Structures are given as structure tokens and as C-alpha cells.
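Peer 1: Output the structure for:
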Amino acid sequence: MDRRVIHFALILLLVVSSLTTVNVSASSPVSPDIVISSSPISEPSNNTTGGLYNGLITYEDVALIVNDNSEISKEIGTYFALKRDIPEVNIINISVPNRETITPLEYDELARQVDENLSERDITDKINYMVTTKGVPLRVSGTSWRQASVDSELMLLNSNLEHTVHNSYWSNNPYAGAGEPFSREDYSIRLVTRLTGYTKEEAMGLVDKAETSFGVRGNALLDMDPRKNGSSGYKQGNDWMLQADNWLKEEGYPSYLDATNDFKTDWSDTMAYYSWGSNDGSWSQGQMSNGGFETGTGTQATGWIYDESGGLIVRSSESTQSGTWSLKLERTNAGTLRAYQDVTVNYQDHRYISDGRMSISGVTSPGARILLEGYDQQMNLKWTHTLANRTGNRGFDAYQDPIENESSVVLIRIIVELLGDGVAYFDAFNLRVVRPHNEWLDGSIAETIVSTGGRSMTYGTWHGQSLVADIIKDGVTGIK
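Peer 2: Now for the predicted structure:
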């Protein structure tokens, strides 16, 4: 049950002190409409007295939940507790599986341990917020609409909505649209957040960024996709952005609303961000051409260069993953047997996602493989990434990896090759840039419609909907 129904404009209400006023200028490096100042106001930001912002925010009503079966959870929890002076009585150690997905029964055991600790310490009614960490299970398995985020279910612990846990669909968040400071006494539920990322360093970085965020000023980017207006359900997301933009501007805060089909990237001085993420029709723009080998003349696939001294390379319809054609490599003698495509990098300092499909028959060692190489302006090899290397007999398997690019790389070479004997077919290649890749200020927040923090925080997870972990790696301080 995904109860992510808090309106993003409400989140903006909580951080407007981080937004500065609008100045019109045609020379702005960010957009033709606004000029941004990221200078912090002259207030102390270092934590010297406990809590946050020199004690302006304290944590007596915050429970920190740590999984004793996860070293990462314990390290992140210790770091956060020391940085924020979390009361020892509020630190709850649980013993649950060290994996992202747990069963409903395992969640019940997790909730029992948390509830028991709160009760035994007589803090059940004192805790407004809970903080989980990477290493605490992320989601609860189930069929259809019975899947859930662990953090969403924990929101309901000890509340008048607790009976809805493990039920189908969702419950409305009673705090949505409230526009006032939260308390469990008023709303029955608790608010639950998580310190996480692909790595423990990224999770700890969220703590550090918040600590240096007091008074940092920036702008809001609200990136609509007007194509969603054709569906009443999806149109609501664009309407939320319009409402948030109107409110921000009425209050004198800088907001840029993009109503084009473009997906905005490389935005400067970003303090608040809202978009459709990978659900935007322009997010997943392929950076290579003819990845499915559907165009060509005879055996030659358009855009691919063959080196076939060791056998045959042909555009074939014998075995395909999608469409009508694939690329067939068949070993007939010693020598090189490879095809490649060179892709000019349009987003030099970005991360990429590469994926492709491969089927093999009778392939001997050292195998058939998919390889990527990155080159600088002088064609010096800067990195190599093996997407797949297989032997034996296999039907079409899909392979995908994130590619950590270097700023000096201007060309990425996608290579398919057969190193051993046998036959290999390749199909359905794609190279996409991971976006938004903004310049994030300390204290910045973000939201992408439909995507969820329950998606995955494991590096290398298959990309479908936008991964919250990607935007944390990108540099944001908080994301819902």
C-alpha cells in the first residue's frame, strides 16, 4: 500500500526559507526567467549543541530504528545519532532479515519489535517521527495491490489506521494538505523517513548536507509533461505542479515551470525539484541509433562497423528478441569477430544506463560478450565496462548496468564480439543518460511522480521507473 499522497506543495511550504526572490534577467545561466543567489544567510549552521542548526531543531520526538543484522544500518545509525544527539532511549535496535524485501509475517515481527521497544520505554506517545536506515528492510512482498513500503506501514503503527496494514490499495494520509507543524497527537500516524542511498557514504552524506543547509537559497524547477494531460489520472500530476508554481510565485519565491515536452537537465542552484522522472515521455531518449538492427542494406546494419576476419557478421532474422532483425556473429576461423558503434556523448559529465540482449549457441571460452569503452577527445581509452560475457547455450537474456562516466569522455563505443567458437545473436541495445543531473544545493528536496522510495536502493538495479537512489547519488538532500 503506497500512501505517498502528501502534496509536493506542502513539502515546499516546509522549505520556503531556503528560496530567494525572483529577479528577471535574460542572461541567467539557469533559465531566461530567473537569476539565483546561493549565498547562505549569516546564521550559524554547524552543529555544536546537539540537534540541528545549533539546537534550533531537536530530536526528543524522533525514534531511530537500526537493524542489528546489518553492519551498514548500524554504521549509519551511529553516525546519525552522534551528529544529531539522538536520546539513547529513542534508539531502537531490531533483529530482522538483512534484505530489501520481507514477507508480511516478517514485517509483523519487525513492527512487534518496534512497538515493544516504544512501550517498554514509555515513549509510544512521545514519538512523532521515525528514521529508518539502509539495511532496514525496504518493502513488504505481496500480490497485486498488497505490496507495501516498510516505512509506509510503520507510519500506521499505534494509529487508528493500523488495521489497514496488509490490506489492498491504500489509505489517505490524514496529514496531506494540512499546512501546519505535524504531531502524532493531532493526526494519529507518525511520519517516517529513511537515511539511505546506494552506499552508506551517500546515506551519511544526507546527514551532512542537512547540517550545512541553514539559509541556503536556490530555486524550484517544476518539469511538467504536457502529454500527460490526455489522461485524467495523470493530468493531476501536472495540475499539482501548476498549483505549486502559482503558490511559490505569489509568495515571491523563484520557481521555473517548464510546460514543454523537453526533460530539463543540468539545472543550476536547485533547491526544490518536481518532475515525472523516467515516466516523462522525453526522459528515456536513446543515445545510440539502430540498437535493434532494424535498418540496413543486406547483411550490413546501419551505424555499425564490422571486423569479421574471424568469421561472419550478418544482419539476421533467424533469431530475434524484438522486431525483425538481430546481429549474428558466427565463428568460422581464427581472427577478430566483432561489431561496434561509436556514440558521441551529448551529456559528458552524466551517468549512463546501457542495456542489450544476447543469445548464444555452442559458444566456447572465452565466450561472447557485450563491452563498452569510453574515449576522450584524443581517442585515449579512459574506461572499459563489460556488460556481459557468456559461454554455452542460452536464449536471449537481458543485460543492463549503470555506467559511471568521466567528464573527459566524449565518445562511448558499444561493442559486441565473439571470442570463442559458436554462434551469438545480439539485439535490442540502448544507451540512456541518467537524469536530471542537476546542481543540487545543500538542503534541496525532490519528488518524481509515480516513482517510490520502495523501488530499490541496490546499485545496479534494473531501471524502469526512476530510482530514488539515482537522485540521491545525483546530490539531492531529501526525496519523497
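
Peer 1: ok, now how distant is residue 474 from residue 432?
Peer 2: With the distance defined as Cβ to Cβ, to the nearest Å, residue 474 ends up 15 Å from residue 432. Glycine gets a C-beta too; all of them are placed from N, C-alpha and C.

Peer 1: and if you look at residue 480?
Peer 2: When distances are taken as Cβ to Cβ, residue 480 and residue 432 turn out to be 24 Å apart.

Peer 1: And for residue 160?
Peer 2: To residue 432, residue 160 is 44 Å away according to Cβ to Cβ.

Peer 1: same check, this time on residue 102
Peer 2: Taken as Cβ to Cβ, the spacing of residue 102 relative to residue 432 amounts to 31 Å.

Peer 1: Next: residue 383.
Peer 2: 18 Å.

Peer 1: same check, this time on residue 80
Peer 2: As for residue 80, its distance to residue 432 is 34 Å (criterion: Cβ to Cβ).

Peer 1: re earlier: which of residue 383 and residue 432 has more neighbours?
Peer 2: residue 432 (21 against 14; other Cβ atoms under 10 Å).

Peer 1: where's that one, which helix or strand?
Peer 2: Residue 432 is part of strand 423-433 when elements are defined by DSSP states H and E.

Peer 1: chain center to that strand: distance?
Peer 2: Relative to the chain's own centre, strand 423-433 is displaced by 23 Å; criterion: Cα atoms, centre = their mean, to the nearest Å.

Peer 1: I'd like to know which elements it is packed against.
Peer 2: Other elements packing on strand 423-433 under the criterion 3 or more Cβ pairs under 8 Å, 6 or more residues apart in numbering; DSSP states H and E are strand 326-331, strand 352-375, strand 381-403, strand 411-418.

Peer 1: mind redoing it with 6 Å?
Peer 2: strand 326-331, strand 352-375 (3 or more Cβ pairs under 6 Å, 6 or more residues apart in numbering; DSSP states H and E).

Peer 1: With respect to residue 153, which of those strands lies nearest?
Peer 2: Taking Cβ to Cβ as the criterion, residue 153 comes closest to strand 352-375 out of these, the separation being 30.5 Å.

Peer 1: mind listing what residue 438 touches?
Peer 2: Taking Cβ atoms under 6 Å, 6 or more residues apart in numbering as the contact definition, residue 438 lies against 267, 270.

Peer 1: Could you find the closest non-adjacent residue to the residue lying farthest from the centre of the chain?
Peer 2: Relative to the centre of the chain, the most outlying C-alpha is that of residue 333, 45.6 Å out, by Cα atoms, centre = their mean. The shortest distance from residue 333 to any residue that is not its chain neighbour, by Cβ to Cβ, 6 or more residues apart in numbering, is 6.0 Å, and that residue is residue 310.

Peer 1: number of nearby residues for the one you found?
Peer 2: 20.

Peer 1: Quick one: the helices in the protein, in order.
Peer 2: Assigned by DSSP state H, the helices in the chain fall at 8-15, 71-84, 104-120, 150-155, 184-187, 200-211, 232-250, 468-474.

Peer 1: I'd guessed residue 429 sits against residue 355; true?
Peer 2: No - when contacts are counted by Cβ atoms under 6 Å, residue 429 is not listed as touching residue 355 (7.2 Å).

Peer 1: which one of those two has more residues nearby?
Peer 2: Counted by other Cβ under 10 Å, residue 429 and residue 355 do not tie: residue 429 has more neighbours, with 25 against 18.

Peer 1: Going by mean pLDDT, which of the helices of the chain comes out lowest?
Peer 2: Per-stretch mean pLDDT for the helices of the chain is lowest at helix 8-15 (a mean of 37).

Peer 1: got the contact list for stretch 58-74?
Peer 2: By Cβ under 6 Å, 6+ apart, the list of residues contacting stretch 58-74 reads 51, 77, 81, 84, 86, 90-96, 98, 126-136, 200.

Peer 1: make it 7 Å
Peer 2: The set of residues that contact stretch 58-74 without belonging to it, under Cβ atoms under 7 Å, 6 or more residues apart in numbering, is 50-51, 77, 80-81, 84-87, 90-98, 114, 126-136, 200.

Peer 1: Span of it from start to end?
Peer 2: Counting by Cα to Cα, to the nearest Å, the length from the leading to the trailing residue of stretch 58-74 is 21 Å.

Peer 1: All further residue positions should be reported with the first residue as 796.
Peer 2: All right, first residue 796 from here; so that's stretch 853-869.

Peer 1: in that stretch, what counts as buried?
Peer 2: For stretch 853-869, a neighbour-count test (16 or more other Cβ atoms under 10 Å) marks 853-854, 856-862, 865, 867-869 as buried.

Peer 1: likewise stretch 955-965?
Peer 2: Under the neighbour-count criterion of 16+ other Cβ under 10 Å, stretch 955-965 has 956, 959, 960 buried.

Peer 1: Please report phi then psi for the nearest residue to the first one once chain neighbours are set aside.
Peer 2: This means residue 956. What sits nearest to residue 956 in space, not counting adjacent residues and going by Cβ to Cβ, 6+ apart, is residue 966, at 5.2 Å. When quoted as degrees, to the nearest 10, the phi and psi of residue 966 stand at phi -120, psi 140.

Peer 1: How about residue 1064?
Peer 2: With angles defined as degrees, to the nearest 10, residue 1064 shows backbone torsions of phi 50, psi 50.

Peer 1: What is the end-to-end distance of stretch 952-959?
Peer 2: So stretch 952-959: terminal residues 10 Å apart, Cα to Cα.

Peer 1: Please apply the same query to stretch 950-966.
Peer 2: In terms of Cα to Cα, the two terminal residues of stretch 950-966 are separated by 11 Å.

Peer 1: Next: stretch 1118-1129.
Peer 2: 31 Å.

Peer 1: Let me know the pLDDT of residue 1143.
Peer 2: The per-residue confidence score, pLDDT, reads 82 for residue 1143.
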